[in-house]
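> Give me a model of this one.
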Amino acid sequence: MQDGARVLVTGAGGFVGRRLVIALSDDPKVGAILALGGVATTAPKVETGVADVTSNELEAAIRTFRPSHIVHLAAKSSVAASLRDGRGVMDVSVGGALRIADGVSMHAPNARILFASSAEVYGAAFSSGVELDETSPVAPANPYARSKLVAEFLLMDRVHSDASVIVMRPLNHIGPGQDARFVVPAFAQQLAEIERGLRAPEIRVGNLDAQRDFMSVDDVVDAYLRALFLKTVEPGSRDVFNVASGSVRSIQSVLNDLLSLSAVACSVVVDTDRFRPNDIAITRLSSAKLKVATGWSAKAEWTALLTSVLDDQRSRLGS
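Numbering: from 1, shown residues only. The predicted structure is shown next:
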């Protein structure tokens, strides 16, 4: 890794991307950033732009910017949405990976690519109940997960042989600014609206028995940066890292913890429309490989993290 890295980020305006661009702009190893995806920033290192990842616009951006590093975040990230639009999710994931691979091969053959995949690719393998690692079988159980796995294979197989590919497979990550389509901000949004008297005192929920590993989005960004600038990555290498805190919680306990942060009394209503088909009972994932390679660990304190999510939803309602 040499100073003055030129980093191209797709999906820079998204939940993870906004934070990643800020972290990159503060990193002395980074000389220039091309942030694609609608992020707003005045950081001096950052050039912003918009590119359709399924078109030649992405290849053109790579040709012009000549990145040394690429972080590919752009995706349709909701599992629930993918069940309604499997084709659209696949088009973005596979189309974006194809444009990244071809653009790198033609214009930046020595680049290092970090692809934000998902632990969803393990899918049905989680049903074993044991903690999975990077050697565990993949068995994606929904269109979103399948699209991510196809993109992983496409990048590894198609990108130039001198380019390195790092695939990150994170579990659930939360924080201020996350879309309320996801379970924790969905609970927090309803609770904030109840506090303000904007809805009846009841929270609508899906499967509360499911057990998940929730991390701070800031911890996930830290993992991505550590892997992106890992000194031991060799040209032409292909590697995979899981990202998980190691703490598994039931959705019921997450809801209880959120309710404890508010003074309102409300009932809980089970809404079958919020259930996923083929829902996984529990997700256990090992990040031992990432920790050994980079020293990473999840650091966010749980109550403070939940409070930040609830306060974010409160602030969205205004005064």
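
> From H72, how far off is Y122?
20 Å (Cβ to Cβ, to the nearest Å). Where C-beta positions appear, they are placed from N, C-alpha and C, glycine not excepted.

> Then S315?
Distance, S315 to H72, using Cβ to Cβ: 31 Å.

> Touching, D219 and A298? I think so.
Yes. Distance between D219 and A298: 4.5 Å, which falls inside the contact criterion (Cβ atoms under 8 Å).

> any residues in contact with both of those two?
With contacts taken as Cβ atoms under 8 Å, 6 or more residues apart in numbering, D219 and A298 have S245 as neighbours in common.

> next SSE after the helix or strand bottoming out on mean pLDDT in the chain?
One helix or strand of the chain scores below all others by mean pLDDT, DSSP states H and E: helix 79-84, with a mean of 64. Next helix or strand after helix 79-84 toward the C-terminus (DSSP states H and E): helix 86-107.

> Show me which of S315 and H72 is the more surrounded one.
H72 (26 against 11; other Cβ atoms under 10 Å).

> What is the end-to-end distance of stretch 275-283?
Distance between the boundary residues of stretch 275-283 (Cα to Cα, to the nearest Å) amounts to 16 Å.

> tell me the mean pLDDT for that stretch?
Mean pLDDT, stretch 275-283: 80.

> for the closest residue to A116 other than its chain neighbours, what are its contacts?
Excluding its sequence neighbours, the residue lying closest to A116 (Cβ to Cβ, 6 or more residues apart in numbering) is L73, at 4.9 Å. Contacts of L73 were listed using Cβ under 8 Å, 6+ apart, and they are 9-12, 14, 16-17, 20, 37, 116.

> Kindly report the same for L198.
Neighbours of L198 in contact, by Cβ under 8 Å, 6+ apart: L317.

> What's the separation between it and V268?
Using Cβ to Cβ, we find L198 at a distance of 18 Å from V268.

> since we're on S260, how many residues are nearby?
Neighbours around S260, by other Cβ under 10 Å: 10.

> What about it? Give its phi and psi, please.
phi -70, psi -20 (degrees, to the nearest 10).

> The nearest residue to D102 once chain neighbours are set aside: neighbour count?
Spatial nearest neighbour of D102, chain neighbours left out: E59 (6.1 Å); criterion: Cβ to Cβ, 6+ apart. Neighbour count of E59, defined by other Cβ under 10 Å: 20.

> What residues of the helix or strand in which E59 is found count as buried?
Assessed by DSSP H and E, E59 sits inside helix 56-65. Neighbour counts over helix 56-65 (16 or more other Cβ atoms under 10 Å) mark 58-59, 61-62, 65 as buried.

> And these, which is closest to G96?
L58 (7.0 Å; Cβ to Cβ).

> which other helices and strands contact the helix or strand in which D157 is found?
Secondary structure assigned from DSSP H and E places D157 in helix 143-158. With contacts defined as 3 or more Cβ pairs under 8 Å, 6 or more residues apart in numbering; DSSP states H and E, the packing partners of helix 143-158 are helix 79-84, helix 86-107, strand 112-116, strand 164-170.

> tell me what the second one is packed against?
It stands for helix 86-107. Against helix 86-107 (3+ Cβ pairs under 8 Å, 6+ apart) you get helix 56-65, strand 69-72, strand 112-116, helix 143-158.

> Between strand 112-116 and it, find me the angle.
Interaxial angle of helix 86-107 relative to strand 112-116 (axes from the mean of the first three to the mean of the last three Cα atoms, to 10 degrees): 170 degrees.

> Could you pull up the residues touching R238?
Going by Cβ under 8 Å, 6+ apart, the list of residues near R238 reads 156, 164-165, 167.

> Just say helix, strand or coil for D209.
With DSSP: H, G, I helix; E, B strand; the rest coil as the basis, D209 sits in coil.

> Distance-wise, check it relative to V270.
Taking Cβ to Cβ, one finds D209 at 11 Å from V270.

> same deal with H72?
The value you get for H72 to V270, if Cβ to Cβ is used, is 37 Å.

> Over to L171?
Separation of L171 from V270 (Cβ to Cβ): 24 Å.

> Between these two, which is the more surrounded one?
Neighbour count, other Cβ under 10 Å: between L171 and V270, L171 has more, with 23 against 11.

> Touching, that one and M215? I think so.
Yes. Between L171 and M215 there is a contact under Cβ under 8 Å: 6.7 Å.

> list residues touching both of these two?
Here L171 and M215 share the contacting residues 243-245, scored by Cβ under 8 Å, 6+ apart.

> from those residues, which is closest to S260?
Distance to S260, by Cβ to Cβ, is smallest for S245 among those, at 20.3 Å.

> pLDDT score assigned to the residue lying closest to the closest one once chain neighbours are set aside?
Nearest residue to S245, sequence neighbours excluded (Cβ to Cβ, 6+ apart): A298, at 3.7 Å. Note for A298: predicted pLDDT of 97.

> now V268
With respect to pLDDT, V268 scores 94.
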